[in-house]
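In: Here is a sequence together with a model predicted from it:
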Amino acid sequence: MSNTALVVGASGIIGSNLAQELLANNWTTYGLARRPGTDIAGLQPVAADLLDVASLETALADLRPTHVFITSWMRNDTEAENIRVNSAMVRNLLAVLGPKHSVQHVALVTGLKHYLGPFEAYVSGGVAPPTPLRESQPRLALDNFYYAQEDEVYAAARDGFTWSIHRPHTIIGKAVGNLMNLGTTLAVYASICKETGRPFRWPGSKAQWEGLSDVTDARVIAKQLVWAATTDAARNEAYNVVNGDVFRWSQLWGRLADWFGVPAVGFDGSIHPLEAEMAGDAELWRAIATKHGLAEAELSRLASPWHTDLDLGRPIEVITDMANSRKRGFTVFQSTEDSFFDLFAQLREDRLIP
């Protein structure tokens with residue numbers, strides 16, 4: 001049977017890169033979203049609301065995917081709502097697909113909040129998890145929508161499909177309208193600094209400035225998702241996924257500033273959240289977009305400073321262990337510096353930054 005993929009969240013950072021990876025490997029690929037894009041050649045759009053079973057039944061009536069990749073989530077005001085909504089999205093999708101008996105593998109993308117806690121209790125209120133973070137570490141005694149999503153996959157797997165769980169660190173890649181977009185947020189911030197003469201000031205904590213860190217290139221997780229779905233030894237496992245190198249922001253920050261030609265300011269003893277720093281920049285960005293003929297004039301469609309603050313403001317060092325997938329044969333490596341520079345070049349080429 002030929003491989004037919006359903007990519008849920010195909011307009012996001014991970015989903016769009018995954019769709020391109022699947023298409024490059026000759027998969028028949030459908031991209032599900034509430035408002036699916038049409039900018040990826042060969043991707044067949046599917047418009048559906050994961051919270052509306054009737055919508056899913058209509059949209060998926062004629063589809064029999066062999067592989068399902070769930071890369072989408074919805075942010076809510078509380079973790080209780082995150083659990084209710086995001087578990088329902090997974091449950092509804094798999095319930096609609098179940099009677100078709102076509103699904104061979106389901107992959108779910110979550111992240112390091114599996115180890116660090118949900119937004120409401122992010123690396124606070126207890127003992128910091130040991131690093132490097134390992135898949136074998138037990139769940140925290142906290143409500144967490146990642147756990148609820150996993151449990152929906154495990155329950156539905158009784159129908160006979162295999163599964164994989166993928167836990168990336170911060171994703172570096174291009175997407176417009178994404179809720180968690182550190183790379184593009186920093187690119188927009190640097191562009192604003194260059195336009196206004198502001199210094200490119202480190203916004204985060206001392207621990208993040210001085211400690212080791214890692215990130216996940218969207219192209220790397222796309223390759224891991226396909227690998228896990230097509231490798232017998234990889235199935236029914238959870239996997240961390242990062243680039244494979246480590247870095248210190250204290251060393252990388254100046255090189256990012258140099259790419260944009262702006263002065264860099266490192267950690268000065270205080271945290272300077274980007275959410276406050278960029279709070280009044282919406283009109284300024286519209287003016288920059290008009291001046292330079294940019295394709296996106298809405299700052300909120302490009303930058304997610306709230307999430308960048310969560311990453312860069314952590315009070316602990318965070319790095320991940322990749323042994324679980326390495327020993328099963330996943331050996332993809334990516335230079336993190338190149339991840340940022342590749343993204344910046346793409347954003348400039350696509351007229352998303354000056």
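Out: Noted; the coordinates are in hand. Numbering: from 1, shown residues only.
In: all helices of this structure, in order?
Out: The residue ranges that make up the helices of the chain, judged by DSSP state H, are 13-24, 53-59, 79-97, 113-116, 145-156, 182-196, 206-210, 218-230, 249-260, 274-277, 282-292, 305-312, 323-326, 336-349.
In: Low-confidence bits of the stretch 101-250 of the chain, can you list those?
Out: Counting by pLDDT under 70, the ranges of the stretch 101-250 of the chain that qualify are 122-127.
In: Same list, the helices of the chain, but as JSON lines with mean neighbour count and distance to residue 239 please.
Out: From N, CA and C alone the C-beta is placed, and that goes for glycine too. Converted to JSON lines, the helices of the chain look like this (neighbours: other Cβ atoms under 10 Å; distance: least, Cβ to Cβ, whole Å):
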{"stretch": "helix 13-24", "mean neighbour count": "24", "distance to residue 239": "14"}
{"stretch": "helix 53-59", "mean neighbour count": "15", "distance to residue 239": "27"}
{"stretch": "helix 79-97", "mean neighbour count": "19", "distance to residue 239": "18"}
{"stretch": "helix 113-116", "mean neighbour count": "22", "distance to residue 239": "11"}
{"stretch": "helix 145-156", "mean neighbour count": "20", "distance to residue 239": "13"}
{"stretch": "helix 182-196", "mean neighbour count": "22", "distance to residue 239": "21"}
{"stretch": "helix 206-210", "mean neighbour count": "18", "distance to residue 239": "24"}
{"stretch": "helix 218-230", "mean neighbour count": "23", "distance to residue 239": "6"}
{"stretch": "helix 249-260", "mean neighbour count": "16", "distance to residue 239": "25"}
{"stretch": "helix 274-277", "mean neighbour count": "18", "distance to residue 239": "30"}
{"stretch": "helix 282-292", "mean neighbour count": "14", "distance to residue 239": "37"}
{"stretch": "helix 305-312", "mean neighbour count": "22", "distance to residue 239": "20"}
{"stretch": "helix 323-326", "mean neighbour count": "16", "distance to residue 239": "5"}
{"stretch": "helix 336-349", "mean neighbour count": "17", "distance to residue 239": "19"}
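In: Ok, which of those helices comes nearest residue 136?
Out: In this view, these are compared for proximity to residue 136 by Cβ to Cβ, and helix 323-326 is the closest at 8.1 Å.
In: Only alpha carbons, please: show that closest one as PDB.
Out: The C-alpha trace of helix 323-326 is given here as PDB (Å, rounded to 0.1, in the frame of the first residue of the first chain):
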ATOM      1  CA  ALA A 323      20.200   8.700  22.700                       C
ATOM      2  CA  ASN A 324      16.800   7.100  22.400                       C
ATOM      3  CA  SER A 325      16.600   7.900  18.700                       C
ATOM      4  CA  ARG A 326      20.300   7.800  18.000                       C
END
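In: Kindly provide the whole-number mean pLDDT of it.
Out: When pLDDT is averaged over helix 323-326, the result is 97.
In: quick one: which of the helices of the chain is nearest residue 34?
Out: helix 53-59 (9.0 Å).
In: Just the C-alpha atoms of that closest one, please, in PDB.
Out: What follows is helix 53-59 as a C-alpha-only set of coordinates in PDB (Å, rounded to 0.1, in the frame of the first residue of the first chain):
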ATOM      1  CA  VAL A  53     -16.800  16.100  14.800                       C
ATOM      2  CA  ALA A  54     -19.300  16.800  12.000                       C
ATOM      3  CA  SER A  55     -16.700  19.100  10.300                       C
ATOM      4  CA  LEU A  56     -14.100  16.300  10.500                       C
ATOM      5  CA  GLU A  57     -16.500  13.600   9.200                       C
ATOM      6  CA  THR A  58     -17.300  15.800   6.200                       C
ATOM      7  CA  ALA A  59     -13.700  16.800   5.500                       C
END
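In: From the rest of the structure, what touches that helix?
Out: Contacts of helix 53-59 from elsewhere in the structure, counted by Cβ atoms under 8 Å, 6 or more residues apart in numbering, are 32, 46, 47, 48, 49, 50, 92, 93, 95, 96.
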